[in-house]
Structure formats: structure tokens, C-alpha cells
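Novice: whatever this is, show me its structure:
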Amino acid sequence: MKLLIVESPTKAKTISRFLGSGFKVQSSFGHIRDLPKSKMGVDTEHNFEPSYVIPAAKRKQVNLLKKEAEKADEIYYATDEDREGEAIAWHLAHILDEKSDKTKRITFHEITEDAIEEALSSPRAIDMNLVDAQQARRILDRLVGYELSPFLWKKVARGLSAGRVQSVAVRLIVEREREREAFKPEEYWTIEAELQSKDNKELTAKLHKINDKTLDKFDLGKEKDVKPILADLKKENYQVAEVAKKQTKRNPTPPYTTSTLQQDANKKYGFSAKQTMMIAQQLYEGIDLKKGGHVGLITYMRTDSVNLSDKFLNQARSFIKNQFGNEYVPASARRYKTKSKAAQEAHEAIRPTNPELAPESIKSSLNANQHKLYDLIWRRALASQMNAAVIDQTTIDISAGKYGLRTSGSVINFPGFLKLYPEASRENILPDLRKDDALELIKLIDKQHFTEPPARYSDATLVKALEEHGIGRPSTYAPTIATIIDRNYVQRDEQKRLAPTEMAFLVNDILVEHFPKIVDYKFTAKMEDDLDKIAEGKKEWVKTLQDFYEPFHKNLEQKEKVLTKKELTEEVTEEVCEKCGKAMVKKIGRYGAFLACSGYPECKNTKPLEGGKEEPEVTEEKCPECGKPLVVRHGRYGAFLACSGYPKCKYIKKTEKGTGVKCPACGEGELVARRTKRGKIFYGCNRYPKCDFALWQKPTGDKCPDCGSLLIQKNKKTIACSNPECGYSKEA
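Specialist: Numbers count the residues shown, from 1 in each chain. Okay, here's the model as predicted:
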């Protein structure tokens, strides 16, 4: 019997279809050894020797694998082909302790019968360069986390954490927020003219020049600049000055890498980076296509390569020819050049394993999100092998005395790849005009505009920024974003963008001032390059760790001695403690800012931090506990009602934002908006704890036509069923 070990049970199920009775396929359920949680687990005195342990949750599976290994004639480690997969294979080899001639390492980029057969025919040894690169990353992150996090506990607040990549991501988000806070909007105006040709065709042109000088954005800065121009334009005659036509070609974009897939899935469907990778993992490991059984639908999804295999190129070209005709197939296959320095992580872009499996043909086997992501991947990969779109562009310049106006239009002459992968741009068809044609003014439109502050990062734009800085790799983008949200450094705003918490500002400023290398973009990118060199066998991993750790640890020891919690976290205010008369100081705890008496520990008075110096607004409502008026105060999550007798009376009125939707579980309560301790909004029954029904997304009040469950507002564009097993969704 031959034993083949993979990471996940779904992957095992898919591969089992392709192997005969002589094989047994088992899963390791991910990593089976790791550094201990209770201690550092790295011997910094002796070449950073790691102490790996088998987590309690994995012992049962490890015992099962040991029993199967003893019975096996050959053992194949078929874990993923990246550094993590190589490390899992290495850990398995250590635990199973089998002879090297009995064990074999195989890799494949897709879970198909041909790929598995090819892998089995060409096994190799475990690549220790990849293993060392993974170990180096894991140990680096452990050194930073287990030494810097306790420093933050002592000097700021318990429960905080710092990380080599997560702290850089937080810095990006904090700096963007400060750009927004410092932003001062600038006013500017535009003028457009609605015009009509002799044959009654209409067009809109924008003021472009005055006295042959092209207008800059802020040349019309105030309304007073616009009024005299409008008066002139009303009296002028309009005539076509020039018509320029040219034909352009638009080439398709390369197939998806991990980062570009995460960016597109976020922009088009509102998927978080974590959600995108979870769905992609399901498509990669295999979906039950009913008649076809479990089939891996896409290639490996952690990659920064845009390369495509010759086999796929031939299949794609054949499919395009059959579906759309010869004119859509280029003379030769399109090949794209990978820009990333770390492209050794994988050999191919993310693509469908079989072009013939069109998204609509397997839609019934996929849930709504799986179908959306597969459709994106399938279309992008196939479109990358189609001919360019041919677009006719027309620019019409119009004269009106000393003023020049311009309008542009485009018409798709030949759709090319847009036939399969339509883009957001729309055709703008202009009337057929010639030089010197007269135009009649219908009306003038003047518009006031203000410049906008830079937008907060979304998952898509943060991944793009990290990639541009050379920080992180395909396997780290999604976990990094998930970590900074889980650790309460970042919260999602109403647009699901990433907003820093008060704690993020404080911790970031401490790290920037006192541990600049940890959050330095170039230093972090260089560390990623060093890890790549270890994977390529060009750098020694212990030396890399030494070069980082020794100055880091020395600086940390020095800062521990000289920095105090008081100077890092306290800011004296003008407010006076009503209990002892001493000054109140602004402090920041794990969950936000508050006021505390500077006389601590003798005086332990604390109170919520008011926004500004205004007195709380007194209401007519009375406190049910002491009878004093309730006042409107402002806290971390907005306004709330509290007793004016604070701190003697600490009554706070619970406020619930109703949805008007009856609870489907008990039929009596209403679903109301609430927050978790970490500030995340959810919708739960107002009869809690008698009824504990809850949803993460806002219910619409309507019921699913397929299963009868409540529909929820998944994102701006999508309404979906709240039942995760249903999969129903529609456009909002």
C-alpha cells in the first residue's frame, strides 16, 4: 500500500478519485508541528534553534498518520508547492521518522488527473532551502511578537501585540488617516455646454481653453471666476474647430495573481482578502460537480506569477476559436512577464484547470460566492489569450470666440477580449460632425467641486500598497489584514474601509519613534528579499536572523529601561478631578481613550472622554436609578445617554437601533443593531438572553425565495440568503 499525505480532507477527497486501490490518501489538517504558544520556543543563544511541539488538537491525527505510515510501502508528501507546503512535508518526515528511500516529495500546481500522474512520475527530495525560508519567517515573526508585545503590555496596555508585517500595515493605515485629517478641501469650478447640431443631434462639451491657454484644474477657483465667462459664452457663436479621429488597441490584462485577484474580488463583490482566499481554496481543493465528482477547478491560488502552461495556452486558444471564431485568436499565444521578485513561490498564474468548464455550465454545483470568484478567474484567464479590442476614438474641439471647448467619444470597432471580459468603460457615441459645422447652444452648466481627501484603504488598495512597497508575499496579505482587525488596531467603517483605532495611533507612534526599523517600509521589504534569497539558496538563514535580532534585542532592552508607561500613554488636560481637585489626564486603554485622575493610585476616578470642551446636552428624561436628568455624552461609538450624576451614579441607558425585522427564531423580538466588545456591529434579537439569534449582516426584512431564511445586505451590490448552505444571492 502507498500512502499519500496532503493538508486538507477536501484535497484528499479530490485526489482519491484519480488514484487506484493501491493508494491511501490522508490529510494532515494543515501544520502538525509548530512553535509552542506558552513560550518563545526559539533558542537565541544557539543559532535560533526552534523547539517544535505537536499541538494537542493534532495528536490524534498524528497517531493515525504514524499507524498508516508503518503499513505503507511508500509515502508521498503531496502538500502545497510553496514554502508552507514544503515545511509541512518536512515536519511530517520528522514525525513519521521513515527511511528516506521510502518517502518521496511530490508537487503539483492543480488537482487534476494529469497533474497527479505527472507528479507521481517525478518525485523529488524535500527542498531544504524552502523549508529554511519558512522557518526563518516563522522565527522572525515569533521574535518580534514575543519580545515586542510584552513591552507594549508593560508600557501601554495588556493584550496588545506587535508584528513584523502587521505593524507596517497599521502604519500605512494610520498615515493615510493623518493625511485625511490634515486635508483641506480646495474649491474649483467647471463649465459645460449642451449643444445641438443642424440635424438635431446633441452633445456636451467642456470648457477647455481660454485664449488658447489650456485651463488648469484650479484656474476657475471661485464662482466669481465663472460668472463673466458664462455671460460671454451665452453671446458667442459655436463652431466645430477640429475633428480628430484615431484608432487604438486595448490589450487584455494578465491572468490573476494572488494580489490582483484579491483586489478585483474586493472591488467587484466586496469580498475581504480573507474571504477571497477561503473561496479560492475551496475551488482549488475540489468541488463536487455531481456527475463529474470532486474536481479541482482552479490552479494554486498563492502565486505572484503570471505565467501560463503550454497545455493551458493550447486549450484556451482552441476554446476561443470554437466559441468566438478565428478572428479572436492571436497569431501566437500571449505570454506575460512576471514583475514580482518572488515569483519562485509558484510556477503559474491562477487559472481554470479546464477552460471547457465554463462558469454557467457548473453554476448549479457552486454557491453564489464560489460562482462569482470562479467566473472572475475563468474570464480573466481566457480573455488574456484573446485578440486586442479595437476602439475608434474621436475628439471634437469647438470654438466660441476666445473660448475653446472639447468633447471626446469612443466606439468599439472590434470587441476582442472585451467579448469575454467586459470592462467598466462605456461607449460614448458622438454625432458625425465636420470642421466649421455650426452648433446651437442649448444651455450652459456650471458646477462647483471640492477636492476630496485620500480615501481610506480598502482590502484591495491595502494589498496593492503592500505589494508596491515589496512587503508581504501571496500567502501573507489576507492573514495580515485579518490580524490587524482581530487585534483591534483597525475597524471597518460604513464603506467597509479600514479605519485605525485610537490604539493604532498610539502604538504606531511608539514604534515609529522607538523601533523605527520594525515599521520601516524599506527595511521590511529588504527582509522579504532576504527570505526570498534563503528560498533560492543564496543566503544563510541563521546569519539573516542574527543580523536582525542582535540590534533589535539590544534596542528593546535599552527602551525597557528608559521609557515609562506614563510618558507614553498620558496627556495632561485642563479638566480637574471632581473628587480630589488634581488635573485629569487623557489615557488610552486597550479599547480607546478615557480621562483618569493624575492622583492615581490615591484617587482612582475615571470617566469617558468628552469630544471637545462643550457641556453635555441635558435631556428631559430622568435617570431611573437616582432621578437626575440624563445627558447626551459622546463615546467611542457615538452619542449615548448617561446620568448627569456621574460618577456617583453610573447609569447608562442601553440604546438599540431597530431594524423593523421580526426575529425569525422566536417570532416575538425585533432584530436590533449591537456591537461586540471589539466594536464589530451585528444584528441580534432584543429578547436576548431568552433568544440568542444573531446575524453579522443587516437583514432586509425579505425572505429567501429558495429556502425561506432571512435575506441580508451582503454588501453595497449584493443581497444574499442568511443561510450559509443556501447560496442564493441577487444584485441589490
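
Novice: switch to C-alpha atoms for all contacts and neighbour counts from now on
Specialist: Fine.

Novice: what mean pLDDT does the longest helix along the chain have?
Specialist: In terms of residue count, the longest helix belonging to the chain (DSSP state H) is helix 128-155. For helix 128-155, the per-residue pLDDT values average out at 94.

Novice: by mean pLDDT, point me to the weakest helix or strand of this protein.
Specialist: Ranked by mean pLDDT, DSSP states H and E, the weakest helix or strand in the chain is strand 638-643, scoring a mean of 73.

Novice: A87 and Q134 touch, don't they?
Specialist: Yes: proximity of A87 to Q134 meets the contact threshold set by CA atoms under 8 Å, at 6.6 Å.

Novice: quick one, helices of the stretch 201-350 of the chain?
Specialist: 223-235, 258-269, 273-285, 310-324 (DSSP state H, counting those that start in this stretch).

Novice: which SSE is immediately downstream of the last one?
Specialist: Stepping forward along the backbone from helix 310-324, the first helix or strand reached (DSSP states H and E) is helix 368-383.

Novice: any stretches of the chain with poor pLDDT?
Specialist: Across the chain, the ranges flagged by pLDDT under 70 are 339-346, 424-426, 589-592, 610-616, 634-639, 654-656, 677-679, 716, 732.

Novice: can you tell me how far the residue nearest the centre of it sits from L215?
Specialist: Centrality entry for the chain: nearest residue to the mean C-alpha point is D459, 2.6 Å, by CA atoms, centre = their mean. Distance, D459 to L215, by CA to CA, to the nearest Å: 36 Å.

Novice: for D392, same thing?
Specialist: 26 Å.

Novice: report the buried residues of stretch 555-575.
Specialist: Neighbour counts over stretch 555-575 (16 or more other CA atoms under 10 Å) mark L556, L568, T569, E570 as buried.

Novice: same check, this time on stretch 255-264
Specialist: Neighbour-count burial for stretch 255-264 [16+ other CA under 10 Å]: P255, Y256, T257, T258, S259, T260, L261, Q262, Q263, D264.

Novice: try stretch 199-210
Specialist: In stretch 199-210, counting by 16+ other CA under 10 Å, buried: E202, L203, T204, A205, K206, L207, H208, K209.

Novice: cool, stretch 149-164 as well?
Specialist: S149, P150, F151, L152, K155, V156, A157, L160, S161, A162, G163, R164.

Novice: from what I see, the third one and E560 are in contact.
Specialist: Yes: with contact defined as CA under 8 Å, F151 counts as touching E560 (7.1 Å).

Novice: returning to what we had before: redo the helices of the stretch 201-350 of the chain as CSV? Include distance to K58.
Specialist: Listed next are those as CSV, based on distance: least, CA to CA, whole Å:
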stretch, distance to K58
helix 223-235, 70
helix 258-269, 29
helix 273-285, 21
helix 310-324, 38
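
Novice: looking at these, which is nearest to D73?
Specialist: helix 273-285 (26.1 Å; CA to CA).

Novice: list the helices and strands that closest one packs on?
Specialist: Applying 3 or more CA pairs under 8 Å, 6 or more residues apart in numbering; DSSP states H and E, we find helix 273-285 packed against helix 9-16, helix 258-269, helix 368-383, helix 477-486.

Novice: and with 10 Å instead?
Specialist: Applying 3 or more CA pairs under 10 Å, 6 or more residues apart in numbering; DSSP states H and E, we find helix 273-285 packed against helix 9-16, helix 258-269, strand 294-295, helix 368-383, helix 459-469, helix 477-486.

Novice: tell me the angle it makes with helix 477-486.
Specialist: Angle, helix 273-285 to helix 477-486, by axes from the mean of the first three to the mean of the last three CA atoms, to 10 degrees: 140 degrees.

Novice: buried residues, helix 273-285. List them.
Specialist: In helix 273-285, residues buried by neighbour count (16+ other CA under 10 Å) are A273, K274, Q275, T276, M277, I279, A280, Q281, Q282, L283, Y284, E285.

Novice: could you do stretch 456-467 as well?
Specialist: Quick answer for stretch 456-467 (16+ other CA under 10 Å): R456, Y457, S458, D459, A460, T461, L462, V463, K464, L466, E467.

Novice: tabulate the CA atom coordinates of that stretch in PDB.
Specialist: Extracted C-alpha coordinates of stretch 456-467, given in PDB (Å, rounded to 0.1, in the frame of the first residue of the first chain):
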ATOM      1  CA  ARG A 456      -9.100  55.100   3.500                       C
ATOM      2  CA  TYR A 457      -7.600  51.800   2.400                       C
ATOM      3  CA  SER A 458      -9.900  49.000   1.400                       C
ATOM      4  CA  ASP A 459      -8.600  45.400   1.400                       C
ATOM      5  CA  ALA A 460      -7.900  45.900  -2.300                       C
ATOM      6  CA  THR A 461      -5.900  49.100  -2.000                       C
ATOM      7  CA  LEU A 462      -4.000  48.000   1.100                       C
ATOM      8  CA  VAL A 463      -2.900  44.800  -0.700                       C
ATOM      9  CA  LYS A 464      -1.800  46.900  -3.600                       C
ATOM     10  CA  ALA A 465       0.200  49.200  -1.400                       C
ATOM     11  CA  LEU A 466       1.900  46.400   0.500                       C
ATOM     12  CA  GLU A 467       2.800  44.800  -2.900                       C
END
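
Novice: quick one: the strands in the stretch 551-700 of the chain, in order.
Specialist: Applying DSSP state E, counting those that start in this stretch to the stretch 551-700 of the chain gives strands spanning 571-576, 583-589, 592-597, 606-608, 617-622, 629-635, 638-643, 657-662, 670-675, 681-685, 694-695, 699-703.
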